[in-house]
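# What shape does this take:
(chains A and B, ligands or ions: 2)
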Amino acid sequence: MGSMMKEAEHVIEVEKLTKRYGDLLAVNDISFNVRKGEVFALLGPNGAGKTTTVEIIDTIRTPTSGKVSLLGMDVTKKKHDIVPRIGVLPQGFSSFDRITVRETLQYYSRLFRLRDTDVDGLIELVTLKDKTQEIYKNLSGGLQQRLGIAIALVNDPEVVFLDEPTTGLDPRARREVWDVLLGLKKKGTTVFLTTHYMEEAELLADTVAIISKGKIIAMGSPGELIESNANYLVLTLQFVDEQAFEIVRKMGFEPVQDNRKNIKVRVEHTDDVQKILNAIKDAGTSLHSLDVRKPNLEEVFLKLTGEALREGPAGGRGAE
Amino acid sequence: MNPRVVGANLVVSIKSFYREKTAMFFTMAFPIILILVFGTIFMDQENVSFHLYVQDLDHTDSSAQLVNTLELNGKFQITKVEPAVNATQYAKNNKLNLVLTIPEGYERSLMQRMMRNDPNASATITYIYDPSSTSVATKMEILNSVFAEINQRMSGKPPFIRSAETSILTKKYRFIEFFIPGIIAMAVMTASLFGTVNLNTELRQKGVIRKLSTTPITRTDWILANILYQFILAVISTIAMLLVSYAVFHISLQINAWLPVFIVLDVFAFVGIGMVLTRFVREAQSAAAAANAIMFPMMFLSGSFFPIEMMPGFLQTLARILPLYYVNEGLRASMVFVDNMAALRNSAIIGVFAAVVFIMGIFATKWEEGK
Ligand SMILES: Nc1ncnc2c1ncn2[C@@H]1O[C@H](COP(=O)(O)OP(=O)(O)OP(=O)(O)O)[C@@H](O)[C@H]1O
Ligand SMILES: [Mg+2]
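Ligands and ions are numbered 1, 2, ... in the order given. Prediction:
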């Protein structure tokens, strides 16, 4: 609290945070700040240390070393003062199987010793209005996650922690959760989000911190990250002919081929696109389709770590 | 402690229980089924006859008739002892707790009384008995009543004082009445132990405990709610068992303040053990296995189903270190034998045990550090 008004007030301050599990170094000396009102996303692959980090900040776990302050309080010392002011959706959230949506929200509201919780408002916010009498077990995964978010908001928290809120959901359910989160963002709630979906980070976050093997390897707005780490274009070509790959490779580029026989090439300038197209035309090879776009966070991650964010072909989902 | 928080947890537990019909069946109906099955099986054995050894030194028609009368009473299976042997020595050698001797001259005395109306003519029947045996008093009581009836009939007048039997302190109990307190103790143990282990491991695996650790609920509120919930279940289940037993077997048991005392202690002891278990056995399945490993010996060795006197000596010693034994003994002392001192003694032992494990359980229950 005492800190002077800087550029913006920091709601979370993490300084040289380290967490060990026995010999395993899960979080390795990381530091960052989260500003009031922003959506901050911790983006990284499985096992990167996202949950460890977020659960240290939201007081579920304790750090090995380092200093973490949340709302101006030391998380290791002020759990009781912090807890009523934050909302948490833990990874793989789950609730009482046979308790209905409304009852669950009432239950959590009572745990926070509140009497005037707007349960209907929360239900509306996460669009569960026609499911209020449904028991938790009978909700689909997406609806369960939306209930989890509503629970995290039950005490009207100043900071909301959402640990992989859309993992395991189908694309439509994911989009529905995103709508809820966009609503929060619009309201100016401070949100700390972890995810391994770059679309999610790109769509929702004001600041993205990319974490890999317990280290933060890049941080900034999605635009900044792409600008500074992946200043190139991605050209995707679809051929009927196999030999096109060789043609592009011989020109000095480094094409990669995915399982749908698409060839992806990184190019520095638009001129290069022209050159490649001409070479293909000269060789008499016929082209099915082509696509040029700016890279996304997936490629930033790939470039920084040499690893894919998720299993499967890197960037294999094309641009949308 | 916050009553609203405790109440909220209680409501969630009770609703979950009520909505999960199979769990409800197993906690509520299972003990009742046990009572019905065992009660029916042992119903026939209730008219169990005692072995009675009779030495007839008179060896006349009249003495034979007396033996016959005893046999017709239905309570005794009679074995004759040779008149030649020393009855006391015989009882000792064969470890008999009672031998009856009909004196020589029985018929003569009888005739004298019947024919000549000689009030001085009488016959003395001797009970050679082992006072350390538990069932001998019952046998002698039955014999006395049979002889009293014979005496009365011989007087030729209808009895002046008749008796109506209502329960007396050292009444004979039926098997089912012995059985039911044991089943109550066992059902409460099972529900408390498994209820606690299942609830905690399931909620931990589902991550609900982790979520709860980010709310202001305290460990005390959580434990208190769990104890209250288990107590409510125990009370409902006990009432159901007793109602069924009254309706079907017409049992006569003493229901007094000891019953809730022992139920509370039973709940505390086994919720405590459950909490300690959940702390040290992480996986839900192994926790259930560990709970079983605790429950089964307890069920069979602590005298829930049958008196531990029926077991070999070393198992009887073992039974005395099982907490459930003291709940069984205490409930029987209060419900069957109406022995307040024994109830007090047993409640003190189980009370100390419950306090110790429950405090251990409180320390074992942890919120922080999900894993
Ligand atoms: N309680 C624990 N004990 C031991 N090791 C742990 C524990 N929790 C996490 N780890 C290990 O620490 C590393 C980081 O785990 P963490 O759960 O923080 O990663 P994550 O980024 O959240 O991964 P995911 O995307 O799979 O959720 C992993 O190697 C994990 O196996
Ligand atoms: Mg995680």
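# which intervals of chain A have sub-threshold pLDDT?
A:1-8, A:240-241, A:259-260, A:306-320 (pLDDT under 70).
# May I see the domains of it written out as residue ranges?
Structural domains assigned to chain A are A:2-223, A:231-293, following automatic domain parsing.
# can you check chain B too?
In the assignment given by automatic domain parsing, the structural domains of chain B cover B:3-42+B:174-364, B:47-155.
# These: lowest mean pLDDT?
Mean pLDDT per stretch puts domain B:47-155 lowest among the domains of chain B, at a mean of 83.
# So which residues of the stretch 201-320 of chain A form helices?
Using DSSP state H, counting those that start in this stretch, the helices of the stretch 201-320 of chain A run over A:222-229, A:244-250, A:270-282, A:297-305.
# now those as CSV including mean neighbour count?
For every residue, glycine as well, the C-beta is placed using N, CA and C. Shown next, in CSV, are these (neighbours: other Cβ atoms under 10 Å in any protein chain shown):
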stretch, mean neighbour count
helix A:222-229, 17
helix A:244-250, 16
helix A:270-282, 14
helix A:297-305, 21
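# okay, now residue 287: neighbour count?
You didn't say which chain, so I picked chain A. By the measure other Cβ atoms under 10 Å in any protein chain shown, the count of residues near A:Leu287 is 14.
# should've been chain B
25.
# Repeat that for A:Thr236.
Residues near A:Thr236, counting by other Cβ under 10 Å: 17.
# how about the nearest residue to it, chain neighbours excluded?
A:Asp291 (4.4 Å; Cβ to Cβ, 6 or more residues apart in numbering or on different chains).
# Does the one you found touch A:Leu233 like I think?
No. Counting by Cβ atoms under 8 Å, no contact exists between A:Asp291 and A:Leu233, whose distance comes to 10.3 Å.
# Those two: who's more crowded?
Between A:Asp291 and A:Leu233, counted using other Cβ under 10 Å, the more crowded position is A:Leu233 (17 against 13).
# residues contacting that one?
With contact set as Cβ atoms under 8 Å, 6 or more residues apart in numbering or on different chains, A:Leu233 has these partners: A:266-270, A:273, A:292-295.
# Up against ligand 1, what does the stretch 101-250 of chain A have?
Remark: the part of the stretch 101-250 of chain A in contact with ligand 1 comprises A:His196, using Cβ under 6 Å from any ligand atom.
# What are the boundaries of the strands in the stretch 101-250 of chain A?
A:159-163, A:190-195, A:207-212, A:215-220, A:233-239 (DSSP state E, counting those that start in this stretch).
# and the one residue sitting closest to the centre of chain B, what element?
Central residue of chain B (Cα atoms, centre = their mean): B:Phe178, 3.6 Å from the mean position. Under the assignment given by DSSP states H and E, the secondary-structure element containing B:Phe178 is helix B:175-206.
# Likewise for B:Ala342?
When secondary structure is defined using DSSP H and E, the element that contains B:Ala342 is helix B:340-364.
# can you give me the angle that helix makes with helix B:175-206?
Going by axes from the mean of the first three to the mean of the last three Cα atoms, to 10 degrees, helix B:340-364 is angled at 10 degrees with respect to helix B:175-206.
# ok, so what distance separates the residue in chain B sticking out farthest from the centre from B:Gly156?
For chain B, the C-alpha farthest from the mean C-alpha position belongs to B:Arg116; by Cα atoms, centre = their mean, that distance is 53.3 Å. With distances defined as Cβ to Cβ, to the nearest Å, the gap from B:Arg116 to B:Gly156 amounts to 15 Å.
# Including distance to B:Gly330, could the strands of the stretch 101-250 of chain A go into TSV?
Putting those into TSV (distance: least, Cβ to Cβ, whole Å) gives the following:
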stretch	distance to B:Gly330
strand A:159-163	50
strand A:190-195	55
strand A:207-212	59
strand A:215-220	62
strand A:233-239	79
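# now the ones you listed in JSON lines, with distance to ligand 2?
JSON lines is the format used below for the strands of the stretch 101-250 of chain A (distance: least, Cβ to the ion, whole Å):
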{"stretch": "strand A:159-163", "distance to ligand 2": "6"}
{"stretch": "strand A:190-195", "distance to ligand 2": "6"}
{"stretch": "strand A:207-212", "distance to ligand 2": "11"}
{"stretch": "strand A:215-220", "distance to ligand 2": "15"}
{"stretch": "strand A:233-239", "distance to ligand 2": "29"}
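# among the ones you listed, which is nearest A:Thr64?
Put simply, out of those the one that sits nearest A:Thr64 is strand A:215-220, at 15.1 Å, with distance taken as Cβ to Cβ.
# tally of neighbours for the nearest residue to B:Ile349 once chain neighbours are set aside?
Closest residue in space to B:Ile349, ignoring its immediate chain neighbours: B:Tyr326 at 4.7 Å, by Cβ to Cβ, 6+ apart. For B:Tyr326, the number of neighbouring residues by other Cβ under 10 Å comes to 27.
# swap in B:Gln230?
Number of residues near B:Gln230 (other Cβ under 10 Å) recorded here: 25.
# In three-state terms, label it for me.
Recorded secondary structure, B:Gln230: helix (DSSP: H, G, I helix; E, B strand; the rest coil).
# Quick check: it vs B:Val264, distance?
10 Å.
# shared neighbours of the two, which are they?
Where contact means Cβ under 8 Å, 6+ apart, no residue is in contact with each of B:Gln230 and B:Val264.
# how close does B:Arg320 get to B:Val267?
Distance of B:Arg320 to B:Val267, computed by Cβ to Cβ: 22 Å.
# what's the answer for A:Ala209, then?
Using Cβ to Cβ, which is the criterion applied here, A:Ala209 is 50 Å from B:Val267.
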